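Enquirer: Kindly generate the corresponding structure for this input.
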Amino acid sequence: MSSRDPVADLRRIAFLLERANEATYRVRAFRSAASTVAKTPHDELVARAEAGTLAKLPGVGDVTARCVTESLAGEEPVYLRRLGTTEGTDLPAAAAALRAALRGDCHVHSDWSDGGSPIEEMALAAADLGHEYFALTDHSPRLTVARGLTAARLRKQLDHVAKLNEALPDGFRILTGIEVDILDDGSLDQEDELLARLDVVVGSVHSKLRDESARMTRRMVTALANPHLDILGHMTGRKVSAAGEGDAAHSRARTRPPSTFDLDKVLEACLEHGKAIEINSRPDRLDPPKRMLTVAVEAGCLFSIDTDAHAPGQLDWLDFGCGRAALCGVPADRVVNTWPVDRLVEWTRSHAAVT
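Expert: Below you'll find the predicted structure:
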């Protein structure tokens, strides 16, 4: 029996672990092993598999060595097979139809800020999922804990993305973007000249999330009036417990209540300025809550169903957002990332053109 590709099998395992929101160290073990195996000559891998010495390679442990041995023998690794049988059930029809309508993702991170993978790896994973585009939205300078991009680093990233787009598969495009912090006074944490150059700007509150309601409302409404902002990211800032985060005590420590603000005024600002509300698909966010999402649908708002992915496997979290959107009756034609890329960029450019 001919061998399988052990690198592809290890990367697929890592992808499925990320999708399941498993612990980072577990994902890293498989990605590290894949990197080592990719650099090792095939004949050496076979010889080590026969001698039982694969685990002596740097970054390869007993579990990943077993996966490589099974793959070289032409067998689907048991670890991969088990993950494949626990991927989850099919989406209900309405959610599945919405998922099928999505053409891309407007909120994606890379290792330029707090993501775990290079831009090109994220892009290839998105293309494999059938995406036509994603917006690269690494953090802005103020979020130092997430290695937010200074103006100088963002300019370098724009040049890098331009080169990558020339080399990526036909039919896929990286949109330039940022997840910019909404500052205390509602201004945006990046130079106006740079924000004007970007295809997509997601604005999010990351600080003083427990501000009193009137102050938070002013902050969000001011940001929505900024012509450079396109999408209001994870609008309540809440964190909910999620599988894969560790034990119950650890999960409780990672929860966070939603910010308080005048929802009607925020929705009015979205409508007045033609901005979209993000439906954040992360299992630990699922933001906004369904009660708010329902009100936004009834108000006539635009939406963007995004993953806020920080790793390749997380790009497949769109199902979670689509499920919530379908439950709340979000129409597909009001989801901006169901639009072709030219229409999406035309929409974002229309904001920047406002004086």
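Enquirer: residues near the residue lying closest to residue 225 once chain neighbours are set aside, how many?
Expert: Among residues not flanking residue 225 along the chain, residue 273 sits closest, at 5.8 Å (Cβ to Cβ, 6 or more residues apart in numbering). No exception for glycine: its C-beta is placed from N, CA and C like everyone else's. A count of nearby residues for residue 273, using other Cβ atoms under 10 Å, gives 17.
Enquirer: other SSEs contacting whichever strand or helix holds residue 134?
Expert: Counting by DSSP states H and E, the element that carries residue 134 is strand 133-136. Counting contacts by 3 or more Cβ pairs under 8 Å, 6 or more residues apart in numbering; DSSP states H and E, strand 133-136 is packed against strand 104-108, helix 119-128, strand 173-181.
Enquirer: From what I see, the residue nearest to residue 225 and residue 347 are in contact.
Expert: No: Residue 273 is not in contact with residue 347 according to Cβ atoms under 8 Å; the separation is 12.0 Å.
Enquirer: Between these two, which contacts overlap?
Expert: Between them, residue 273 and residue 347 share no contacting residue under Cβ atoms under 8 Å, 6 or more residues apart in numbering.
Enquirer: Mind splitting this protein into its structural domains?
Expert: Following automatic domain parsing, the chain resolves into domains at 6-84, 93-352.
Enquirer: Least confident of those domains, on average?
Expert: Lowest mean pLDDT within the domains of the chain: domain 6-84, at a mean of 90.
Enquirer: what about that one, how long is it end to end?
Expert: Length of domain 6-84, first residue to last, Cα to Cα, to the nearest Å: 16 Å.
Enquirer: do stretch 222-231 as well
Expert: For stretch 222-231, the end-to-end distance is 13 Å (Cα to Cα).
Enquirer: Kindly report the same for stretch 130-140.
Expert: Terminal-residue distance, stretch 130-140 (Cα to Cα): 28 Å.
Enquirer: In space, what's closest to the residue most central in space within the chain - neighbours in sequence excluded?
Expert: The residue lying closest to the centre of the chain (Cα atoms, centre = their mean) is residue 309, at 1.8 Å. Nearest residue to residue 309 in three dimensions, chain neighbours excluded: residue 315, at 4.7 Å (Cβ to Cβ, 6+ apart).
Enquirer: now residue 107
Expert: residue 306 (3.6 Å).
Enquirer: cool, and residue 191?
Expert: Using Cβ to Cβ, 6+ apart, the closest residue to residue 191 is residue 151 (5.1 Å).
Enquirer: OK, contacts around that neighbour?
Expert: 141, 190, 191, 194.
Enquirer: how close does it sit to residue 206?
Expert: 18 Å (Cβ to Cβ, to the nearest Å).
Enquirer: Check residue 63 too.
Expert: Relative to residue 206, and taking Cβ to Cβ, residue 63 is found at 36 Å.
Enquirer: tell me the contacts of the residue nearest to residue 309?
Expert: Contact partners of residue 315, counting by Cβ under 8 Å, 6+ apart, are 105, 108, 122, 125, 126, 129, 131, 134, 307, 309.
Enquirer: Run through the neighbouring helices and strands of the helix or strand encompassing residue 36.
Expert: Counting by DSSP H and E, the element that carries residue 36 is helix 24-39. Judged by 3+ Cβ pairs under 8 Å, 6+ apart, helix 24-39 is in contact with helix 6-19, helix 62-72.
Enquirer: Next, residue 302: phi, psi?
Expert: When read as degrees, to the nearest 10, the backbone of residue 302 gives phi -90, psi 160.
Enquirer: Across the sheet, point out what pairs with it.
Expert: Under DSSP bridges, the beta-bridge partners of residue 302 are residue 276.
Enquirer: Surely it touches residue 278?
Expert: No: at 10.3 Å, residue 302 and residue 278 do not qualify as touching, with contact defined as Cβ under 8 Å.
Enquirer: Between those two, which is the more surrounded one?
Expert: Taking other Cβ under 10 Å, residue 302 and residue 278 do not tie; residue 278 has more neighbours (26 against 19).
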